[in-house]
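Undergrad: With the sequence up front, the predicted model follows.
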Amino acid sequence: MSAEIINGKQIAEDIKNELKDKVEHLVSAKGQPTLAVVLVGEDQASKVYVRNKKLACEYVGIRSLSYELPEATTQEEVLALVHELNERDDVHGILVQLPLPAHIDDDLVIMTIDPRKDVDGFHPINVGNLSIGHDGFVSCTPAGIIELMKRSQIEMSGKNCVIIGRSNIVGKPIAMLMLREHATVTVTHSRTKNLSQVCKQADILIVAIGRAKFVTKEFVKEGAVVIDVGINRDENGKLCGDVDFEDCVEVAGAITPVPKGVGPMTIAMLMSNCVKAYEKK
Ligand SMILES: NC(=O)C1=CN([C@@H]2O[C@H](COP(=O)(O)OP(=O)(O)OC[C@H]3O[C@@H](n4cnc5c(N)ncnc54)[C@H](OP(=O)(O)O)[C@@H]3O)[C@@H](O)[C@H]2O)C=CC1
Ligand SMILES: Nc1nc(=O)c2c([nH]1)NC[C@@H]1CN(c3ccc(C(=O)N[C@@H](CCC(=O)O)C(=O)O)cc3)C=[N+]21
Ligand SMILES: [Mg+2]
């Protein structure tokens, strides 16, 4: 039996269409919803994401302002720009593409963003609200994973969920969200012993490591749901996930591909957060 392949691209399209409708009805006296995107330096992958974000904005009816700054931009200059965007009434969302160049402190920049404009959900206020179950911005990739499962009728309540990765932008927030969905959650990382055996207990396995095709079928229980967050290049330079798709598709019950899985959902949820920031204004 081969797994159901979850079409993240299609679900993301559905969400963007819903948002486009919503924005059409909302836009009136308040002016157009606006996202400011800040990119520092020449990272090629970042440029691709930023372009995808702009295209999504255009589609949904969100105005995007883009600030593409040279690698040599100082921390003070980035902070000054964030302050300026915080102050502007016509800017509803601010996204500073990570990672920033090494001479700039990511945490300091994130903390400077007005939490009400923090559509990435990275500010400590938003992270705190998520962990105590209060309303706020939830980071886009984890929010996208939950939405993907809901719209694919995947039951989360009472299920055994194992996450590989404990980063602030994926592993930790997805753990909080899966708890909120009443899953039993295990978070694993590079010091976890017997990783494949722990993963094999999972009904839902979420993988966010950053290593091409790391997860093979030895990690996957028969019929499990496998969510692949990884974005890597394989030995031929082709985009691939952290999961060895060809190997795992045989044992999993459902699986997300890379590309066209979690990635497009991240962008759809960013659009959703921008509309939310605009509505709250
Ligand atoms: N699709 C999307 O929208 C997005 C995709 N990504 C992708 O997801 C992946 C993960 O990103 P991110 O969370 O930022 O990465 P980080 O590098 O911040 O975190 C990686 C995590 O994986 C763990 N890890 C590394 N090696 C192993 C190993 N051999 N065994 C078990 N655990 C291991 C690390 O453990 P430890 O903490 O012990 O070091 C760490 O917790 C990347 O490929 C990234 O490109 C990221 C964001 C959005
Ligand atoms: N402040 C900030 N917020 C982020 O949300 C953020 C970030 N920084 N830095 C980098 C990561 C990564 N990320 C992705 C977004 C879309 C795709 C995506 O659209 N992927 C397509 C393929 C894209 C391609 O062709 O390369 C897919 O998987 O189908 C992937 C990864 C957001 N991130
Ligand atoms: Mg840095």
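TA: Perfect, I can see it now. Ligands and ions are numbered 1, 2, ... in the order given.

Undergrad: What does residue 35 show for phi and psi?
TA: Dihedral angles of residue 35 (phi, psi; degrees, to the nearest 10) stand at phi -110, psi 130.

Undergrad: What residues does the protein have near ligand 2?
TA: When proximity is defined as CB under 6 Å from any ligand atom, the chain approaches ligand 2 at 48-49, 52, 95-98, 120, 140, 231, 239, 258-260, 263-264, 266-267. The C-beta positions use only the backbone N, C-alpha and C, and glycine is treated the same way.

Undergrad: Specify the residue ranges that define each domain of this structure.
TA: The chain is divided into the following domains under automatic domain parsing: 30-114, 139-263.

Undergrad: among the ones you listed, which is nearest residue 126?
TA: Residue 126 lies closest to domain 139-263 among the domains of the chain, at 7.9 Å (CB to CB).

Undergrad: do that closest one and ligand 1 meet at all?
TA: Yes: residues of domain 139-263 contacting ligand 1 under CB under 6 Å from any ligand atom: 141, 164-167, 169-171, 189-191, 195, 208-211, 229-232, 262-263.

Undergrad: Return the subset of those residues lying in strands.
TA: Judged by DSSP state E, those include 164, 232 as members of strands.

Undergrad: Just the buried ones from the residues of domain 139-263 next to ligand 1?
TA: 141, 164-166, 169-171, 195, 208-209, 229-232, 262-263 (16 or more other CB atoms under 10 Å).

Undergrad: out of the residues you listed, who's nearest residue 106?
TA: For these, the nearest to residue 106 is residue 169 (10.2 Å; CB to CB).

Undergrad: Ignoring the adjacent residues along the chain, who's closest to that closest one?
TA: Nearest residue to residue 169, sequence neighbours excluded (CB to CB, 6 or more residues apart in numbering): residue 139, at 5.9 Å.

Undergrad: Hmm, that neighbour is touching residue 123, no?
TA: No: using CB atoms under 8 Å, residue 139 is not in contact with residue 123; the gap is 10.0 Å.

Undergrad: Those two: which has the busier surroundings?
TA: Shown here are residue 139 and residue 123; by other CB atoms under 10 Å, residue 139 has more neighbours (27 against 20).

Undergrad: And the spatially most central residue of the chain, how far from residue 222?
TA: In the chain, the residue lying closest to the centroid (CA atoms, centre = their mean) is residue 141, at 1.6 Å. The spacing between residue 141 and residue 222, counted by CB to CB, to the nearest Å, is 27 Å.

Undergrad: And residue 27, by the same measure?
TA: For residue 27, the distance to residue 222 (CB to CB) stands at 49 Å.

Undergrad: The residue nearest to the centre of the chain contacts residue 267, correct?
TA: No: with contact defined as CB under 8 Å, residue 141 does not count as touching residue 267 (9.9 Å).

Undergrad: roughly how far out does stretch 268-281 sit from the chain middle?
TA: With CA atoms, centre = their mean, to the nearest Å as the basis, stretch 268-281 stands 14 Å off its chain's centre.

Undergrad: Please read the previous query as pertaining to stretch 144-154.
TA: Mean C-alpha position of stretch 144-154 versus that of the full chain (CA atoms, centre = their mean) differs by 13 Å.
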